[in-house]
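**Student:** Whatever this is, show me its structure:
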Amino acid sequence: MTHRTGPSGASSGALRADSHGRPSGPSGGLVSGLSRWLAVRFGHLGDVLLTTGVLRYWGETRGLRFHVLTRKEWAPVYEGHPFVDKVVGVTSAEINGRPLVDLCRRLSGEYADFGLLDLHGNLRSRLLSAVWRGPVARYTKMSAQRRLFLTSKGAWFGEELRSLSTAQRYALALGDDAPPAGMLRPCLFLAEAERKRAEETIAGVWKEGVRPVALHPFATHSLKTWPVGHWREFVERLEAAGIPWLVVGKGHVLFPGSPYEFTNATTLRETAALLSCCRVLVSGDSGPMHLAGAVGTPVLALFGPTTREWGFYPTGEDDVVLETDLPCRPCSLHGGAPCPRGGECLAAITPERAMQALAERGWSRVEGL
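**Tutor:** The predicted structure follows:
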């Protein structure tokens, strides 16, 4: 199954669940006159990236300003963001046990005139909410709906879950209606020098002006990405067709010795800059999939154990999702459950099919070589 993705709209949204299982937002009085918020989001790279477009939307439409509390490794995501004035980066040690309690008390005092925007909704962020001195707004993960959808094999809450992307669920923390998903796309702001270095890096292994196909063959859970053999066959097909390529991400190097192999060789922002110079990223459901979208690069996304209902489909106008229609999908909330079918959902997406998708979107052209 192939899906073109793009903007979608939704309304009636998220702070507490209504009688239909849809979340409902805070009253207008909660945010009236309050322009500064501490936004909280820990989690994985994709979770954090999906906040960026929402913060920009609120900044542009409401004049809000933000400080962000997140893990230190994700602080570069917000560098240069026009509506983020400060990032409070913390380590894992600082958000566990007694250090977490101390952190919550300190932040509550330092940010006494800020609202708290909880975009995580876990125990840590709720502890901070409990000691917060000002208004607290929180998005609803729709956790109950997702679990019931999963246990009912898709019989319950499917329409509600499909109607709201994760970014739209974030947006409902400060309003009763979600804007179209296309207005909330993630954004990462690169400096011209960062783009220039990326262009020079690509020119050093290919040629000036070449826009390769980027590959990200990794995921938090192994069943959320193609089998290794598929990636290797895909590269063989790219090379046979004369299509330039490169690999980005963190993980086991699949093509050792290749000049096009950048695995474990770039920082988060260097990876983003490389992606900004590529024609498309081929990836599973992963953080770098959203990173590509944040710099305006379309994605050919391979979805297996996770589905649209979880809220993480790419939302770019030119993005394409390849997936296999199997009754066992989704099989878990995060894609980490053991698979009795040997990862069939992704294995059934052949490299040939992915090459066809590239050709259909004009991403297989040979130029600049």
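**Student:** Going by C-alpha atoms from here, please, whenever you check contacts or count neighbours.
**Tutor:** Will do.
**Student:** which sections of the stretch 201-350 of the chain are below the confidence cut-off?
**Tutor:** Within the stretch 201-350 of the chain, no stretch falls below the threshold (pLDDT under 70).
**Student:** can you rerun that using 90?
**Tutor:** Within the stretch 201-350 of the chain, the ranges that satisfy pLDDT under 90 run 219-224, 331-343.
**Student:** where do the strands sit along it?
**Tutor:** Secondary structure of the stretch 201-350 of the chain, counting by DSSP state E, counting those that start in this stretch: strands at 213-216, 245-247, 280-284, 299-303, 320-323.
**Student:** Mean neighbour count and distance to W231 for those strands - can I get that in CSV?
**Tutor:** Below are the strands of the stretch 201-350 of the chain laid out as CSV (neighbours: other C-alpha atoms under 10 Å; distance: least, C-alpha to C-alpha, whole Å):
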stretch, mean neighbour count, distance to W231
strand 213-216, 25, 9
strand 245-247, 24, 10
strand 280-284, 26, 10
strand 299-303, 26, 12
strand 320-323, 22, 15
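**Student:** Dump those strands to a markdown table, plus distance to A354.
**Tutor:** Output for those, formatted as a markdown table (distance: least, C-alpha to C-alpha, whole Å):
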| stretch | distance to A354 |
| --- | --- |
| strand 213-216 | 12 |
| strand 245-247 | 14 |
| strand 280-284 | 9 |
| strand 299-303 | 8 |
| strand 320-323 | 8 |
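**Student:** what's the closest of those to K141?
**Tutor:** For these, distance to K141 was read as C-alpha to C-alpha. The smallest value, 20.5 Å, belongs to strand 299-303.
**Student:** All the helices of the protein, in order from the start?
**Tutor:** 28-31, 45-62, 97-110, 123-131, 143-151, 158-162, 166-171, 192-205, 228-240, 268-276, 287-294, 344-347, 351-360 (DSSP state H).
**Student:** do you know which of those lies nearest F303?
**Tutor:** helix 344-347 (6.8 Å).
**Student:** Just the CA atoms of the closest one, as PDB, please.
**Tutor:** Taking C-alpha atoms only, helix 344-347 is exported to PDB below (Å, rounded to 0.1, in the frame of the first residue of the first chain):
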ATOM      1  CA  GLU A 344       6.700  -9.500   7.400                       C
ATOM      2  CA  CYS A 345       5.100  -6.000   7.300                       C
ATOM      3  CA  LEU A 346       8.400  -4.400   6.400                       C
ATOM      4  CA  ALA A 347      10.000  -7.300   4.600                       C
END
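**Student:** helices or strands up against it?
**Tutor:** strand 299-303 (3 or more C-alpha pairs under 8 Å, 6 or more residues apart in numbering; DSSP states H and E).
**Student:** What strands line up against the strand it packs on, and which way round?
**Tutor:** Strand 299-303 pairs in its sheet with strand 280-284 (parallel), strand 320-323 (parallel), by DSSP bridges.
**Student:** avg pLDDT for stretch 54-69?
**Tutor:** Stretch 54-69 shows an average pLDDT of 97 in the prediction.
**Student:** just to revisit the earlier point, would you convert the strands paired with strand 299-303 into TSV that also reports distance to V210?
**Tutor:** Shown next, in TSV, are the strands paired with strand 299-303 (distance: least, C-alpha to C-alpha, whole Å):
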stretch	distance to V210
strand 280-284	12
strand 320-323	22
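**Student:** Take the helices of the chain and write them to a markdown table, including distance to A75 and mean neighbour count.
**Tutor:** What follows is the helices of the chain, written out as a markdown table (distance: least, C-alpha to C-alpha, whole Å; neighbours: other C-alpha atoms under 10 Å):
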| stretch | distance to A75 | mean neighbour count |
| --- | --- | --- |
| helix 28-31 | 26 | 13 |
| helix 45-62 | 9 | 20 |
| helix 97-110 | 17 | 15 |
| helix 123-131 | 17 | 17 |
| helix 143-151 | 26 | 17 |
| helix 158-162 | 29 | 17 |
| helix 166-171 | 19 | 28 |
| helix 192-205 | 17 | 15 |
| helix 228-240 | 31 | 15 |
| helix 268-276 | 10 | 24 |
| helix 287-294 | 14 | 27 |
| helix 344-347 | 32 | 21 |
| helix 351-360 | 33 | 15 |
